[in-house]
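Undergrad: can't give you the sequence, but here's the structure:
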């Protein structure tokens, strides 16, 4: 190849290589620069905030079984259905209400008996820091008189306290029927004594006041196992009423004046009344209503029938059971209940 031909070939190669070399240089430079995020990872302006906010949603777990179960159930549902970081924390009624009223933490208490901490709760309400979302339970009466179902079968309608004076001589002829009340140092023992008088049951019942809760439960269980005719006082939520079959007596209407006398050691002329209703609520920090309307809506629908809690408390008494395992079982098996709490996704 002569010199002239070599020069021409070299020029052609240079012309061809120029753009290619420039392209490679551009690609190398681009590789050194930070890559833009993929479109799927970009946060669009005005994107909605997480349903539960960007902080853990705190739930007070009180130190009695029903409140423990509710705390664990709500934590599971919030995590599964709303993608919330729900955090259960220890609590007690007065301390929790006080903290919610001053700091807004915890965000929620699933079973707060506000009549028993009225001053603290009312102060937090006045400060506009807390609010009741809904009743914790569908029923508002938590105390009453009961009889075994095999005894209730003798009545043509729901047995009532008012009908006992006429029915007991037939159900327990020749001797008074045992009435298992509560321990003598409990306030309910005074109420039961006065109610026995109010319903004209003196001489028709033998009032038994156990030494403690364990003896109370033992006497009730023994009476059922022997199929004895007996009456007893109890309260809900409680496992005993789910483990054994009982019928609640109709206690009649609640009369505030009569109930006040019934609760007094000296009640000259006791009159019948149902036990006082109790206010048991799902308590929310006010900020939940303002900042998390979907979560507030969930809790406004999260009222539970007492019978469901009684059944869970019975499960909790089984060997090896814990509040966590019973809560998981409820979520797994009772979607027919808790899915109604979620609603249609709107507050």
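TA: Cool, got the structure. Bear in mind that the values here come from a model prediction, so they are computed numbers and not experimental data.

Undergrad: residue boundaries of the helices in the stretch 51-200 of the chain?
TA: In the stretch 51-200 of the chain, the segments counted as helices under DSSP state H, counting those that start in this stretch are 65-82, 93-103, 118-126, 149-152, 164-171, 187-198.

Undergrad: Of all those helices, which one comes closest to residue 293?
TA: When those are compared by CB to CB, helix 65-82 sits nearest residue 293, at 11.9 Å. Any C-beta I mention is one placed from the backbone N, CA and C, and that applies to glycine too.

Undergrad: So which residues make contact with the closest one?
TA: Contacts of helix 65-82 with the rest of the structure, by CB atoms under 8 Å, 6 or more residues apart in numbering, involve 51-52, 57, 59-62, 84-88, 108, 110-111, 136, 237, 294-295, 298-299, 302, 304, 309, 312-313, 316, 323-324, 326-328, 330-331, 338, 341-342.

Undergrad: Mind putting the helices of the stretch 51-200 of the chain into TSV with distance to residue 132?
TA: Output for the helices of the stretch 51-200 of the chain, formatted as TSV (distance: least, CB to CB, whole Å):
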stretch	distance to residue 132
helix 65-82	15
helix 93-103	11
helix 118-126	9
helix 149-152	35
helix 164-171	36
helix 187-198	25
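
Undergrad: Mean neighbour count, these: which tops it?
TA: Highest mean neighbour count of the helices of the stretch 51-200 of the chain: helix 65-82, a mean of 22 (counted as mean count of other CB atoms under 10 Å).

Undergrad: Look up the residues forming beta bridges with residue 137.
TA: Residues in a beta bridge with residue 137, per DSSP bridges, are residue 304.

Undergrad: is it true that it touches residue 309?
TA: Yes: if you go by CB atoms under 8 Å, residue 137 and residue 309 touch, sitting 6.9 Å apart.

Undergrad: any common contacting residues for those two?
TA: Common neighbours of residue 137 and residue 309, using CB under 8 Å, 6+ apart, are residue 237.

Undergrad: And residue 121, how close does it get to residue 255?
TA: Noted for residue 121: a distance of 25 Å to residue 255, by CB to CB, to the nearest Å.

Undergrad: hmm, I was thinking of residue 182
TA: Distance of residue 182 to residue 255, computed by CB to CB: 21 Å.

Undergrad: more neighbours, the two?
TA: Per other CB atoms under 10 Å, whichever of residue 182 and residue 255 has more neighbours is residue 182, with 22 against 15.

Undergrad: Surely residue 168 is in contact with residue 205?
TA: Yes: between residue 168 and residue 205 there is a contact at 7.0 Å, judged by CB under 8 Å.

Undergrad: Please state the offset of stretch 321-335 from the chain centre?
TA: 13 Å (CA atoms, centre = their mean, to the nearest Å).
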